[in-house]
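Q: generate a structure from the sequence data that follows.
(2 chains)
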Amino acid sequence: MTITPEQIAITAGLAKLKIDGDEAIEVAKRIGAILELVDQMQAVDTSNVEPMANSLDAVQRLRVDKAIKPENPIDVRDTLQQIAPATEDGLYLVPKVID
Amino acid sequence: MKPLHELTIAEIQLLLQQKQFSSREITGHFLDRIAQQNSIYNCYISVDNDGALSAADAADKAIAAGANGPLLGVPFAHKDIFCTQGIKTTCGSKMLDNFIPPYDATVVAKMKADGAVMLGKTNMDEFAMGSSNETSYFGPVKNPWDIETVPGGSSGGSAAAVAARLAPAATGTDTGGSIRQPAALCGITGLKPTYGRVSRYGMIAFASSLDQAGPMTRTAEDAAILLNSMSGFDAKDSTCTDIAVPDYTATLNQPIKGLKIGIPKEYFDERLDATMATTVQAALAELEKLGAILVDIELPNSALSVPAYYVIAPAEASSNLSRFDGVRYGYRCDNPKDLEDLYTRTRTEGFGEEVKRRILVGAYALSAGYYDAYYRKAQQVRRLIKQDFVSAFEKVDIIAGPTSPSPAFKFGEKGDDPVAMYLEDIYTIAVNLAGLPAMSLPAGTMNNMPVGLQLVGNYFAEQQLLNTAHQFQTVTDWHQQSPVTE
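A: This next block holds a predicted model:
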């Protein structure tokens, strides 16, 4: 399986990364080599094999749908926003989305 | 008495109790060594001098008041992937160069509660993606056995810190071999526990279905001591298993007579370097002398583990790393012109080349039209790989082989060929896909560089692994060899 520089640029856009021009050509070459490695899987017949997402075949553990209080209550919002690049009045600031 | 930096955790604990020295003295000794030598090896990204000394003082006070505990007052280092409240946690990335977590990872909280003294945070491949430490934003770690060579990765800083005697022990994480391969390349002992044994809460996620934290130490006994502290159920990690934690130190001295050790023919085929094969076989002969029985086995799908891993791990990574968007924490680009620009430039500038490559592979494998051919197929192959191990464990107790195809290689040797680097983990990756526990032990040298013996156990059989490893270390001295002259 090969991948074109155009496909790289599109996939990068979906992942919110900018890769284009000469860089996309270079990245396409490297990723092409990875996909070639990955394609070795196609040689094995897996038609009757159930896909495995968790090695212990565990299912999501759920808890009772009830509010819980943290052991050491902190002002969660203030604490978490202290490390944010930009906040105002308890809100995260981003560039204007709608003019 | 040996120099303080040559002591194991078990020895340090005993001598602290006997008041031969204080936690402040040994902690200060390691902090001095780090100040003098970290510039050579680049093992640490951050050193917490004040925090370490105050934790040491608290431990000394507790010991004076009669407290006792296997880690009380014992210095160690955390891989910089574990969130440490108030202490920068970078994950080896520019993206988190300014990130000071508001909370502790469960592993961090548990070890703190046991009185262990954290010296600092160790260097690593960016977001744990790499096998040589060359992808760290903070520069590569040097292998203490030969600073022209890599320490392995991704937990290369932890492995090198233990080997260089800049910490008696460290934590690591292993998604495809990131504890075992650097342990092998730096001549130390490393254990990746069963998936679900150790909580992943507060451990920055790479591939959530594969990631597992574990100890990196000089001896199997020390690994057992650390695992006792790190393991256990945690309601904050929905994949953490609620199975009682045994005392891993209690069974170290059991004889291993009659233990059946499976030798997979796929791990010793023509692709394995002849000298490496001879070295590993000599280590297996030692286990045989202890009464173990070597049994030939097959893991027919093992060649598919690297291909399946390089779909599953990047797919999970592309999803996990979507949280780094420059809004809530971490790096943010300068003067974004709109929201799209903020996201795209933050991520393009904040992530390194290998991380971007894996995000792209993952996004591609998950995209419409390719999902079945890549992601679903890889998950099916993953089951075949697990079934190989399940069948093998019907016949044997433990599986053994090399940890890595070669000893430490030179910086830049794998060039910029990602596939060559990925094949470095050819013997370790299947274990993560199957979720099994495994160790790497110092087992010899090749061209004067350490060689690792890998032992793979059945699910939750860490006790048996540690017992076997400890018995091996009672009759060999590879784990006592040190690259350190001062």
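Q: the closest residue to chain B within chain A sits in which helix or strand?
A: In chain A, the residue that lies nearest chain B is residue A:55 (2.5 Å; Cβ to the nearest Cβ). For the C-beta atoms, the positions are set from N, CA and C on the backbone; glycine is no exception. For residue A:55, there is no helix or strand it lies in under DSSP states H and E.
Q: which residues touch the helix or strand of chain A with the lowest mean pLDDT?
A: The least trusted helix or strand in chain A, going by mean pLDDT, DSSP states H and E, turns out to be helix A:76-81, with a mean of 87. With contacts defined as Cβ atoms under 8 Å, 6 or more residues apart in numbering or on different chains, helix A:76-81 is touched by A:70, A:87, A:90, A:92, B:102, B:328-329.
Q: tell me the SS of residue B:328?
A: Of the three states, residue B:328 takes coil according to DSSP: H, G, I helix; E, B strand; the rest coil.
Q: apologies, that question was intended for residue B:453.
A: Taking three-state DSSP, the label given to residue B:453 is strand.
Q: quick check: the residue of chain A closest to chain B touching residue B:195?
A: Yes - between residue A:55 and residue B:195 a contact is recorded at 5.2 Å, counting by Cβ atoms under 8 Å.
Q: what's the overlap in contacts for the two?
A: By Cβ under 8 Å, 6+ apart, residue A:55 and residue B:195 have these common neighbours: B:209, B:435-436.
Q: nearest to residue B:403, of those?
A: residue B:436 (14.3 Å; Cβ to Cβ).
Q: that closest one - that's part of a helix, no?
A: No - assigned with three-state DSSP, residue B:436 falls outside any helix and is coil.
Q: please enumerate the strands of the stretch 351-486 of chain B.
A: Assigned by DSSP state E, counting those that start in this stretch, the stretch 351-486 of chain B shows strands spanning B:398-402, B:438-446, B:449-457.
Q: to residue B:479, which of these lies closest?
A: strand B:438-446 (4.6 Å).
Q: what about that closest one and chain A, any contact?
A: No - applying Cβ under 8 Å from any Cβ of the partner chain, one finds strand B:438-446 separated from chain A by no less than 12.7 Å.
Q: direction included, what does that strand pair against?
A: Using DSSP bridges, strand B:438-446 pairs in its sheet with strand B:189-192 (antiparallel), strand B:449-457 (antiparallel).
Q: report the contact partners of the closest residue to chain A within chain B.
A: At 2.5 Å from chain A, residue B:435 is the closest residue in chain B, using Cβ to the nearest Cβ. Taking Cβ under 8 Å, 6+ apart, we find residue B:435 in contact with A:54-56, B:194-196, B:386, B:459.
Q: what's the burial count for residue B:177?
A: Neighbours of residue B:177 under the rule other Cβ atoms under 10 Å in any protein chain shown: 32.
Q: next one: the one 4 residues further on
A: By other Cβ under 10 Å, the residues close to residue B:181 number 33.
Q: secondary structure class of it, three-state.
A: Going by three-state DSSP: residue B:181 is helix.
Q: and the nearest residue to it once chain neighbours are set aside, which helix or strand is it part of?
A: In this structure, residue B:181 finds its nearest non-sequential neighbour in residue B:152, 4.5 Å apart by Cβ to Cβ, 6 or more residues apart in numbering or on different chains. Assigned by DSSP H and E, residue B:152 belongs to no helix or strand.
Q: can you report phi and psi for residue B:152?
A: Residue B:152 has phi and psi values of phi 90, psi 180 when expressed as degrees, to the nearest 10.
Q: per-residue confidence at it?
A: pLDDT, residue B:152: 97.
Q: also residue A:61?
A: Reported pLDDT for residue A:61: 83.
Q: I'd say it and residue B:237 touch.
A: No - with contact defined as Cβ under 8 Å, residue A:61 does not reach residue B:237; the gap is 9.3 Å.
Q: so the two - more neighbours on which side?
A: More crowded of residue A:61 and residue B:237, by other Cβ under 10 Å: residue B:237, with 19 against 12.
Q: contacting residues for that one?
A: Counted by Cβ under 8 Å, 6+ apart, residue B:237 has contacts B:106, B:199-201.
Q: and these, which are buried?
A: For those, a burial check counting by 16 or more other Cβ atoms under 10 Å in any protein chain shown picks out B:106, B:199-201.
Q: just to revisit the earlier point, so for the helix or strand just after the least confident helix or strand of chain A, mean pLDDT?
A: Per DSSP H and E, the first helix or strand lying C-terminal to helix A:76-81 is strand A:87-88. Strand A:87-88 carries an average pLDDT of 94.
Q: equivalent analysis for stretch B:39-57, please.
A: 98.
Q: and for stretch A:21-38?
A: 94.
Q: residues making contact with that stretch?
A: So stretch A:21-38 is in contact with A:1-9, A:12, A:19, B:306-307, B:310-311, B:357, B:360-361, B:364-365, B:374, B:378, B:416-419, B:422, going by Cβ under 8 Å, 6+ apart.
Q: counting by contacts, list what the stretch of helix or strand residue B:30 belongs to packs against.
A: Applying DSSP H and E as the criterion places residue B:30 in helix B:23-41. Packed against helix B:23-41 by the contact rule (3 or more Cβ pairs under 8 Å, 6 or more residues apart in numbering or on different chains; DSSP states H and E) you find helix B:9-17, strand B:44-47, helix B:49-64, strand B:75-79, strand B:117-122.
Q: would you mark the buried spots in that helix?
A: Buried-residue list, helix B:23-41, by 16+ other Cβ under 10 Å: B:23-24, B:26-31, B:33-34, B:37-38, B:41.
Q: tell me who's in contact with the residue of chain B most remote from its centre.
A: Using Cα atoms, centre = their mean, the residue of chain B lying farthest from its centre is residue B:337. It sits 40.8 Å away. Going by Cβ under 8 Å, 6+ apart, residue B:337 touches residue A:95.
Q: quick revisit: adding secondary structure, write the contacts of residue B:237 out as TSV.
A: As requested, these are arranged in TSV below (three-state DSSP):
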residue	secondary structure
B:106	helix
B:199	coil
B:200	coil
B:201	coil
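Q: can you name the two of these that sit furthest apart?
A: Applying Cβ to Cβ across the contacts of residue B:237, the maximum distance is between B:106 and B:200, 8.0 Å.
Q: what's the burial count for residue B:258?
A: 9.
Q: same question, residue B:236
A: Residue B:236: 13 neighbours (other Cβ under 10 Å).
Q: mind listing what it touches?
A: B:106, B:199, B:201.
Q: any idea how far the residue of chain A closest to chain B is from residue B:323?
A: Separation of residue A:55 from residue B:323 (Cβ to Cβ, to the nearest Å) stands at 24 Å.
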